[in-house]
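# Got a sequence here, can you model it:
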Amino acid sequence: MLAFVCLILFFGLTAAVLAGVADTWDRTLMLDLAAGREPWLTWGMKLLSVAGSGLIEIPLALLLILGLVLRKRKAEAWWYAAAALSGWALSGLAKLAVQRPRPHVIPRLMHGAGWFSYPSGHSMLAPIIFGLGIIVWAAPWPSPALRRAALVLAALFALGIGFSRVYLGVHYPSDVVGGLLLGIAWSALALLWWERIREATR
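So this is what the prediction gives:
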């Protein structure tokens, strides 16, 4: 159900982006954010943005996969690797389908943001890499409260990464919302697949 709702919202937002309906809202919000920029906040947003890049995500995902293998959880390691790789591929395909140029509304505070803008790859992959990573790693933990707390932290981290991309001027707000919606939908579908794997191995 979560995947279905997020996909419907994603396609609706994508239609609004392609029709230019989201442009006014995007520009207004970016200008408001730029007016509130502070040096200390900019430093934090840059850190979050780097954390959501392949520079951090790829080594982290590989370490998590290795950790799962070493703990004799090979099926879950393969599942997580497949979810991450397919998520990266889907992000690229979505960008190619929409081909939205990067924003030039406010000064960019980070360099190196290339390719197409919608959906935000950082925002889409954060729920997949961090969210699914926390879920699979914490699955054996005996405390449900601790597992929920870890997942909440991962969700807040993903939101922070998305916000940082708008704050730094490298993405429109709708890019981030679209990325989060697609990333959550893909994560939910991956979890459904994982549940079937677990049932088959019982």
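# Show me where the protein has its strands.
Here the chain has no strands by DSSP state E.
# For the lowest-mean-pLDDT helix or strand in it, which helices and strands make contact with it?
One helix or strand of the chain scores below all others by mean pLDDT, DSSP states H and E: helix 173-201, with a mean of 90. Counting contacts by 3 or more Cβ pairs under 8 Å, 6 or more residues apart in numbering; DSSP states H and E, helix 173-201 packs against helix 2-19, helix 23-35, helix 74-98, helix 121-126, helix 132-138, helix 144-167. Where you see a C-beta, it was placed from the backbone N, CA and C, and this is true even at glycine.
# Put together a markdown table for those helices, with mean pLDDT, mean neighbour count and distance to L60 on each row.
Shown next, in a markdown table, are these (pLDDT from 0 to 100; neighbours: other Cβ atoms under 10 Å; distance: least, Cβ to Cβ, whole Å):
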| stretch | mean pLDDT | mean neighbour count | distance to L60 |
| --- | --- | --- | --- |
| helix 2-19 | 97 | 16 | 24 |
| helix 23-35 | 95 | 14 | 28 |
| helix 74-98 | 95 | 17 | 10 |
| helix 121-126 | 96 | 29 | 11 |
| helix 132-138 | 95 | 20 | 7 |
| helix 144-167 | 95 | 18 | 12 |
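# and I65, which of these is closest to it?
Smallest distance to I65 across those (Cβ to Cβ): 4.8 Å, for helix 74-98.
# Compute the inter-axis angle for the closest one and helix 2-19.
Put simply, helix 74-98 runs at 20 degrees to helix 2-19, going by axes from the mean of the first three to the mean of the last three Cα atoms, to 10 degrees.
# Please compute how far helix 74-98 lies from its chain's middle.
Computed by Cα atoms, centre = their mean, to the nearest Å, the chain-centroid distance of helix 74-98 equals 11 Å.
# Show me what it packs onto, helices and strands only.
Judged by 3+ Cβ pairs under 8 Å, 6+ apart, helix 74-98 is in contact with helix 2-19, helix 54-70, helix 121-126, helix 132-138, helix 173-201.
# That one versus helix 173-201: what angle between them?
150 degrees.
# tell me the angle helix 74-98 makes with helix 54-70.
Interaxial angle of helix 74-98 relative to helix 54-70 (the same axes, to 10 degrees): 150 degrees.
# just the angle between the least confident helix or strand of the chain and helix 23-35, please?
100 degrees.
# what about the closest residue to L192 other than its chain neighbours, distance to K95?
Of all residues not flanking L192 in the chain, A3 sits nearest, at 7.4 Å (Cβ to Cβ, 6 or more residues apart in numbering). According to Cβ to Cβ, to the nearest Å, A3 and K95 sit 20 Å apart.
# now swap in R198 and tell me
Counting by Cβ to Cβ - R198 and K95 are separated by 33 Å.
# Same question for A185.
Plainly put, A185 is 16 Å away from K95 if you go by Cβ to Cβ.
# Next up, the contacts around the closest residue in space to F157 that isn't next to it in sequence.
Closest residue in space to F157, ignoring its immediate chain neighbours: F130 at 5.7 Å, by Cβ to Cβ, 6+ apart. Going by Cβ atoms under 8 Å, 6 or more residues apart in numbering, F130 touches A154, F157, A158.
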